[in-house]
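Asker: Quick one: sequence and predicted model below, then my questions.
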Amino acid sequence: MKIPEFLKKGDKVAIVCPASYIKGNIDLALTILKDWGLVVEVGATVSSQFHQFGGTDALRTQDLQKALDNPEIKAVFAARGGYGTVRIIDHLDFSTFAKNPKWLIGFSDITVLHSHIHNQLGVATLHGQMPKSFDDSSKEALESLHRALFGGKMDYSYEQTDFPNRSGDGTGELIGGNLAILQSILSSPSDGSYDGKVLFIEDVGESFYNIDRMLWTLKRAQKLDKLAGLIVGGFTSLKDSEPPFGQRFEEIILDKVQEFNYPVAFGYPAGHIDNNHTLVMGAKIELSVKNEETSVKYITD
């Protein structure tokens, strides 16, 4: 896996909207990025709107393509997620990007880009806060993003007692992202093998039955059979039905992997939460789960 060059003060970064519109409300993010010593180029899509999107498919493709190809741009932030990246992914040309990889940052709908870039190009990306989410971000989340971009130590440990983990150790490339997006790109050019990988999943606003259905889809596609580990992030603003589904989301997840032996870590602070701790997608990690304690160690060659 190729690791893009880490940033340094004076580097130029771009902000674009490959998915839903934002209409330019990123003042805090601009201030913070400039405080980090970065020069920020704001794409045309940040102030554009076409229905629910940050401009037409053509404009969003053009804006992201420009940022990917510009040698002066050292990192590309998706301004927000929402929906729309899948509509442009097949129109993007990654040939220049592949020769000179740069950091791509985002989460949620941006899972399309994470997965596509990993599987087609073998380049690491960052699952972390986007400019729109800077306003609601914890200090810890932004600090983790800064460390990831500037080459700081990314190893992370935490404890949680809300739901029992499944203890164990596993080593592999970190993949995944938003569960709904992962399910939606199955068998597409953006999909890839999960075998021997550590899978991270998160989601927001889903019904319990739909989480169950999406996980059954992954399971029946044999995506969960040979994982090295499973990390479960935030599953927030969930909706139940009437009558209730009858299981917590953690139970729904654990049911799908009960016959396998790899570690399962619940409560990882990443996803649609204030403390959206940055993950280096595509990097090789060691996952260690011991009762309530989970640690993630990044392996550098």
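Answerer: Looks like it arrived, so ask away.
Asker: Spell out the secondary structure type for residue 104.
Answerer: strand (DSSP: H, G, I helix; E, B strand; the rest coil).
Asker: What strands line up against the longest strand anywhere in the chain, and which way round?
Answerer: For the chain, the longest strand by residue count, based on DSSP state E, is strand 168-178. When pairing is defined by DSSP bridges, strand 168-178 lines up against strand 198-204 (parallel), strand 284-290 (antiparallel).
Asker: gap between stretch 44-57 and the chain center?
Answerer: Relative to the chain's own centre, stretch 44-57 is displaced by 22 Å; criterion: Cα atoms, centre = their mean, to the nearest Å.
Asker: Show residues contacting it.
Answerer: 15-24, 26, 59-60, 63-64, 79-80, 82-84, 87-88, 91 (Cβ atoms under 8 Å, 6 or more residues apart in numbering). Just so you know, the C-beta spots here come from the backbone N, C-alpha and C atoms, and that holds for glycine as well.
Asker: Double-check that residue 33 belongs to a helix.
Answerer: Yes - with three-state DSSP as the criterion, residue 33 is assigned to a helix.
Asker: For residue 68, see how far away it is.
Answerer: 18 Å (Cβ to Cβ, to the nearest Å).
Asker: got it, and residue 92?
Answerer: 7 Å.
Asker: In terms of neighbours, single out the busier of the two.
Answerer: residue 68 (23 against 19; other Cβ atoms under 10 Å).
Asker: Please identify the helix or strand for that one.
Answerer: helix 57-69 (DSSP states H and E).
Asker: Can you give the distance from that helix to the centre of its chain?
Answerer: 20 Å.
Asker: Sketch out the strands for the protein, chain order is fine.
Answerer: Under DSSP E, the chain gives strands at 12-16, 39-42, 73-78, 103-106, 125-127, 156-159, 168-178, 198-204, 229-236, 264-265, 279-281, 284-290, 293-298.
Asker: any idea which of the ones you listed is most buried?
Answerer: strand 125-127 (a mean of 28; mean count of other Cβ atoms under 10 Å).
Asker: Residue 62 versus residue 296, what's the distance?
Answerer: 37 Å.
Asker: now swap in residue 154 and tell me
Answerer: 33 Å.
Asker: ok, residue 190 - contacts?
Answerer: When contacts are counted by Cβ under 8 Å, 6+ apart, residue 190 touches 86, 89, 112, 115, 116, 119, 120.
Asker: Identify the residue nearest the first one in space, chain neighbours excluded?
Answerer: Okay, so that is residue 86. residue 112 (5.1 Å; Cβ to Cβ, 6 or more residues apart in numbering).
Asker: list the contacts for that neighbour?
Answerer: 85, 86, 89, 181, 185, 190.
Asker: quick one, domains of the protein?
Answerer: Split into domains by automatic domain parsing, the chain comes to 12-150, 156-298.
Asker: Make a markdown table from those domains and add mean pLDDT and distance to residue 4 to it.
Answerer: Converted to a markdown table, those look like this (pLDDT from 0 to 100; distance: least, Cβ to Cβ, whole Å):
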| stretch | mean pLDDT | distance to residue 4 |
| --- | --- | --- |
| domain 12-150 | 97 | 4 |
| domain 156-298 | 98 | 10 |
